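K.L.:
Turn this into a structure:
(4 chains)
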Number of protein chains: 4
Amino acid sequence: MSNGKSIGIGVLGCGRIGVMHAELIAQRIEGAHLAGVYDVVTESAEKIAAKFNCQHFTSPDALMSAPEVGAIAICTSTDTHVEVLLMASKYRKPVFCEKPISLSLTETDKALKAISDSKTPLMLGFNRRFDPSHRSVRDNVANGTIGDVHIARITSRDPSPPPIEYAKVSGGIFIDMTIHDFDMARYVVGSEIVSVYATGAVRVVPAFAEIGDLDTVAIMLQHENGAITMIDNSRQAVYGYDQRVEVFGSKGLVGSDNQMMTSVIKRNDEGTQLAKMPYFFLDRYIPSYIAEWNEFMGVATGKIQPVVTGADGRASLVAGLAAWKSVREGRMVKTSEIVG
Amino acid sequence: MSNGKSIGIGVLGCGRIGVMHAELIAQRIEGAHLAGVYDVVTESAEKIAAKFNCQHFTSPDALMSAPEVGAIAICTSTDTHVEVLLMASKYRKPVFCEKPISLSLTETDKALKAISDSKTPLMLGFNRRFDPSHRSVRDNVANGTIGDVHIARITSRDPSPPPIEYAKVSGGIFIDMTIHDFDMARYVVGSEIVSVYATGAVRVVPAFAEIGDLDTVAIMLQHENGAITMIDNSRQAVYGYDQRVEVFGSKGLVGSDNQMMTSVIKRNDEGTQLAKMPYFFLDRYIPSYIAEWNEFMGVATGKIQPVVTGADGRASLVAGLAAWKSVREGRMVKTSEIVG
Amino acid sequence: MSNGKSIGIGVLGCGRIGVMHAELIAQRIEGAHLAGVYDVVTESAEKIAAKFNCQHFTSPDALMSAPEVGAIAICTSTDTHVEVLLMASKYRKPVFCEKPISLSLTETDKALKAISDSKTPLMLGFNRRFDPSHRSVRDNVANGTIGDVHIARITSRDPSPPPIEYAKVSGGIFIDMTIHDFDMARYVVGSEIVSVYATGAVRVVPAFAEIGDLDTVAIMLQHENGAITMIDNSRQAVYGYDQRVEVFGSKGLVGSDNQMMTSVIKRNDEGTQLAKMPYFFLDRYIPSYIAEWNEFMGVATGKIQPVVTGADGRASLVAGLAAWKSVREGRMVKTSEIVG
Amino acid sequence: MSNGKSIGIGVLGCGRIGVMHAELIAQRIEGAHLAGVYDVVTESAEKIAAKFNCQHFTSPDALMSAPEVGAIAICTSTDTHVEVLLMASKYRKPVFCEKPISLSLTETDKALKAISDSKTPLMLGFNRRFDPSHRSVRDNVANGTIGDVHIARITSRDPSPPPIEYAKVSGGIFIDMTIHDFDMARYVVGSEIVSVYATGAVRVVPAFAEIGDLDTVAIMLQHENGAITMIDNSRQAVYGYDQRVEVFGSKGLVGSDNQMMTSVIKRNDEGTQLAKMPYFFLDRYIPSYIAEWNEFMGVATGKIQPVVTGADGRASLVAGLAAWKSVREGRMVKTSEIVG
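P.N.:
Below you'll find the predicted structure:
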């Protein structure tokens, strides 16, 4: 779908998520085409470039400066995000950046200042906001359908734990996993998080204990508007990717339930069986990524302001850091205590 | 729950359905008490009388004439209904009668004439009309919620076939089983049946073929108002008692889905499992029988006219006879062709 | 259903819950009959006695000492429970007692010691344990179906708040409402509560703030076996009585979902509508009360030991007191800190 | 996604369905690319060619003979299918053809003979077979999960009627709409149709009566293996695209239920609301079209034989003609009676 009016996207990082974004850009996004890719492992970039019939660049700078690259997608590992964002702020091309910006609040603020000072349009990759079901929950809350928000519940469980090597550098479960739920809580409740109480345990992979991480956690949030959010996460739900959001208020509730892979129902002498659940995010959230890209194309063409901003990325990082502090100190932690 | 203002009910027939009615009357029905029971097998009556602390009578006439019996429930075998109804018409006490009245239309008409001439209040036992879910379907249709009725679908499947001895004298599947669905079709569609096309097979119990019965049938009805009803029955659904009704019209649809024994949901690596379905009518329809008795108490106290009448029993018998004729002759049969 | 072999139950207290128990005993419980009732308001007892055709007693002592009273149901107001239990321990007749035993742990222990010393059989009224759906959840967990328990979630919301006069003497939301959920958590998880973190707000009825109560709360429990339970309560869910329990573990999850009043489904150009939810506990939990009474009859006849004991009542009271302490002190409270 | 190993597809017909296929080929199908398009209206072809960056041809022959066209998709109007298939049989390139082949059985047979004689690979466009839910129903039946098949039920309703001009040349509802359900019945039951009983009415658009068509129909099929299928169709379901299939047998049932647009659930004082249903086939069946194309690519590369053949197209046409005959003659019609 490339023509003169389409915007060329350059993708930095050809890992799992980068490849997914590259494929969507190449095939599914109106008004966009895949202009080129870069990866620190040259062969990875070459392979993706061949597959999608685009250029491969040998450095982030080469990609960013190329005239055929009209907008940039940052899908490299988290520890490179700040450096790449600083570089991008020089080119002022619209940027899509995967979350989190950084594990460090200070570094995050440095990157966001550069982005802001340079007036570089930046959109953060909280894809779940674009899931049609979760979005409908948010819209119903925002429209007043359920009245004042009293309680939100978010369940988010992965099908299987990540490699221990990933967990070592990811910032731990509150930063690499719950961060999506902190953003979801802010999104559906429509109010900032003022305090965090978190607890958890290692129940799935004993090795997580050795690196100070957890695999089973429960979190309670207080919002500015008085609402309370309860979140639970597990790194291993054997039945699949459990993704539920529910908001309860003075006039009722609205929630997004799990979705099955098919609408098949079986009945026999043992009971009733439904289909399997999606195994992981590629089975569940592709429509959200497409909607996210359509949104970003509005940003890239200057038609709309980003609705998922650097400030959103920062706020969820703060909540994640507060959660770790809460676990360490065994008490409720105010987000205002997290200062870098 | 017996006091001076309550009406004593005499139950004729202490088989499975008679015992169920006796127990409900003894324990669950406001304004009623079990005055006495009769059964052709004396020990059966004695046992039930002892269990529920009431009299047992040695003849239908003795029960009907007893002053403490204010209303009569006919739960004897179908072949005795006409004789008992004729007898009841002499006492003019309110009568509840299980369906069908008779396998013969002529005999049915004879009984109904006596009941009518004597102004004996009579209510037929089409209990499913009182099921809260099916009743809500009917109410939604009657209130115009779905507009003009175009298509109704009724699935009704028993968990296991009746004894062959029962089937020999029951009038066959269209009379002993589909009769409920003919009544349901008339009830929810709100219009008389004008023609019947039926087909079927013996798929479950080969012995049914030897007595000319079927165990798997499909029926298509045309109603006076232009609606079409599709019914399917099986004498053996291994997963339980399948009872579904759905009505589709110009403004939407309304249906009553199956109900599970509990609201339990399980998820594991094989998928999602729901609870078992009700096994048979005692698991599914007790609330309908209680509502039926509450309705009958209104009839017995003269406060309301019966809403399930002898004419309703007759209409469903006609449809059942038309279905048999349709199978025999391989064509659509008008109900007006069935004349006794 | 009264005969020589049936046990006469005497009901103390003819308020809403006492009348419900009296009616069930009178009509629905095999092997039991309603021997008599007492209420501090004589007219209330007379009215119920007349309705169910039993005696009314003029004092708790008269009821307990009557030879026709074989077992005792304590349904009086909470502040009388200890005194009545002390009295009952003299008669050693089997006792069913509504929860909580007392708002005071010291008083509770005094009553339980007398009951224990006298070997009086005592069963506490945590009826939700007997709900077929919740019980199935527990059974699945206990049978190992979901492996080790990691996270439990309990949502329990009432349709409308109680009178402020009730809340003033009830011990507040954690004692009058969450107590059911503390018991449910212990029941389904199968492990004692070791710590409680609670938070909450007044969102529904401002007057609750004046008496120091809350109407919207969230609670996090840690269990001895490492499981975490998350509970949320509201005193006002406009859509009805929200009662959900879910347990997640190493091999999957099992939960009991809400139940609708009917299985009706409607579809029109606005979407799909399901039936209403039960409005309150009389719509939802009658089967649980019947099962509870059947269980108690086993206790009363000496066939089984009570499965819901004084210790269960004590444990949930401790959790409730810990929750209040947690709210007051803004920290996680160990149940071992609650010592009377 | 074009590279040297990919097969160029030429699409004949740029109406709604042709454009959909062209878009899928251009963007979603591994191993395929859109080589060119043709339409009898030149501007339509030019527009699509411009949009997807491919050639446009000025005649079917030009498209079929082009070396860059490796396989052909016939999406022109039904009345041209036979002529185009005859032409395609000269080139022997693999052919995908939308259903039906023709409204005339004689013409259908003429086309199929040419295709067969020339050994041209042909796959018919019964896309619903590739819907993951319906396919799972078929697989469960084929694997014996439900035992012997006794009864199948298919509900298929469109959201709104087609233009009267379309209905005039479409062959009527049994050929333009029920044909999908005849194919589905053969697919899920796994047995040929031996007889058809059909009835129907004009309830939605009075003008359909003037052209001899129907808009509300019910059909009963008998299969070779003794199974009975019940189908109902409406040209107007105000709630959306109703697509349900269910098969019942000796060991249980398996069905594919409707799917909602999102998994949102709302509860308020009026009840529970679910999301809207898909409006029409573009909302519901895109995954089926993609799977269909993936299947066809196996055919086009010679790796597999077509699983949806000309014989399948013929069998459903025969059933449709039998349905019209059944309506005209008011009787059950054997498919063996339909001879051209």
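
K.L.:
Let's verify residue A:36: helix, strand, or coil?
P.N.:
strand (DSSP: H, G, I helix; E, B strand; the rest coil).

K.L.:
I figured it was touching residue A:53, is that so?
P.N.:
No: judged on C-beta atoms under 8 Å, residue A:36 makes no contact with residue A:53 at a distance of 10.9 Å. Where C-beta positions appear, they are placed from N, C-alpha and C, glycine not excepted.

K.L.:
More neighbours: these two, which one.
P.N.:
A direct count of neighbours by other C-beta atoms under 10 Å in any protein chain shown for residue A:36 and residue A:53 places residue A:36 higher, at 23 against 13.

K.L.:
Look up how far residue A:308 lies from that one.
P.N.:
According to C-beta to C-beta, to the nearest Å, residue A:36 and residue A:308 sit 24 Å apart.

K.L.:
Point out where chain A drops to low pLDDT.
P.N.:
Where chain A drops to pLDDT under 70, the residues are A:1-4.

K.L.:
Near chain D, which residues of it are found?
P.N.:
Applying C-beta under 8 Å from any C-beta of the partner chain, we find that chain A lies next to chain D at A:1-3, A:26-28, A:52-53, A:132-133, A:136-137, A:140, A:145-146, A:251-259, A:261-269, A:275.

K.L.:
Helix, strand, or coil at the closest residue to chain B within the stretch 51-200 of chain A?
P.N.:
Chain B sits closest to residue A:159 of the stretch 51-200 of chain A, with a gap of 9.4 Å, by C-beta to the nearest C-beta. Three-state call for residue A:159 (three-state DSSP): coil.

K.L.:
show me the residues around it that make contact.
P.N.:
A:236, A:237, A:238, A:240, A:241, A:279, A:280 (C-beta atoms under 8 Å, 6 or more residues apart in numbering or on different chains).

K.L.:
Return only those of those found close to chain B.
P.N.:
Among these, the ones lying close to chain B by the criterion of C-beta under 8 Å from any C-beta are A:238, A:240.

K.L.:
Only whichever of the contacts of residue A:159 are buried, select them in PyMOL.
P.N.:
Burial among the contacts of residue A:159 is assessed by 16 or more other C-beta atoms under 10 Å in any protein chain shown; the matching PyMOL selection reads:
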select buried, chain A and resi 236+237+238+240+241
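
K.L.:
measure stretch A:324-340 end to end?
P.N.:
Start-to-end span of stretch A:324-340 (C-alpha to C-alpha, to the nearest Å) is 14 Å.

K.L.:
Can you point out the buried residues in it?
P.N.:
Neighbour counts over stretch A:324-340 (16+ other C-beta under 10 Å) mark A:324, A:325, A:326, A:327, A:332, A:333, A:335, A:338 as buried.

K.L.:
What are the boundaries of the helices in chain A?
P.N.:
Remark: helices of chain A, listed N- to C-terminal, are A:16-27, A:42-52, A:60-65, A:81-91, A:105-117, A:132-142, A:164-170, A:173-176, A:178-189, A:207-210, A:281-284, A:286-300, A:310-329; assignment by DSSP state H.

K.L.:
OK, contacts around residue A:175?
P.N.:
Contact analysis of residue A:175 by C-beta under 8 Å, 6+ apart lists A:100, A:103, A:317, A:320, A:321, A:324.

K.L.:
hmm, back to that, ramachandran angles for the residue of the stretch 51-200 of chain A closest to chain B?
P.N.:
Dihedral angles of residue A:159 (phi, psi; degrees, to the nearest 10) stand at phi -80, psi -30.

K.L.:
any idea how far it lies from residue A:19?
P.N.:
Using C-beta to C-beta, one gets 20 Å for the distance from residue A:159 to residue A:19.

K.L.:
Ok, residue A:59 next?
P.N.:
As judged by C-beta to C-beta, residue A:59 and residue A:19 stand 19 Å apart.

K.L.:
How about residue A:173: what's its closest non-neighbour residue?
P.N.:
Counting by C-beta to C-beta, 6 or more residues apart in numbering or on different chains, residue A:173 lies nearest to residue A:214, which is 5.2 Å off, once chain neighbours are set aside.

K.L.:
Show the backbone phi and psi for the one you found.
P.N.:
When read as degrees, to the nearest 10, the backbone of residue A:214 gives phi -130, psi 160.

K.L.:
Give the burial count for it, as a bare number.
P.N.:
Residue A:214: 25 neighbours (other C-beta under 10 Å).

K.L.:
from what I can see it touches residue A:201, true?
P.N.:
Yes: if you go by C-beta under 8 Å, residue A:214 and residue A:201 touch, sitting 6.3 Å apart.

K.L.:
in the stretch 101-250 of chain A, what residue is nearest chain B?
P.N.:
Counting by C-beta to the nearest C-beta, the stretch 101-250 of chain A gets nearest to chain B through residue A:239 (3.9 Å).

K.L.:
That residue contacts residue B:272, doesn't it?
P.N.:
Yes: contact status for residue A:239 versus residue B:272: in contact at 7.4 Å, counting by C-beta under 8 Å.

K.L.:
Show me which residues of stretch A:307-321 are buried.
P.N.:
Quick answer for stretch A:307-321 (16+ other C-beta under 10 Å): A:308-310, A:312-321.

K.L.:
show me what contacts residue A:272?
P.N.:
Neighbour list for residue A:272: A:265, A:266, B:239, B:260, B:273, B:274, B:275, B:276, B:277 [criterion: C-beta under 8 Å, 6+ apart].

K.L.:
And those residues, which is closest to residue D:245?
P.N.:
Nearest to residue D:245 among the contacts of residue A:272 is residue A:265, at 10.8 Å by C-beta to C-beta.

K.L.:
Neighbours of the closest one, how many?
P.N.:
20.

K.L.:
how much space between the residue positioned nearest the centre of chain A and chain C?
P.N.:
Taking C-alpha atoms, centre = their mean as the criterion, residue A:126 is the residue nearest the geometric centre of chain A, at 3.3 Å. From residue A:126 over to chain C the distance is 23 Å, taken as C-beta to the nearest C-beta, to the nearest Å.
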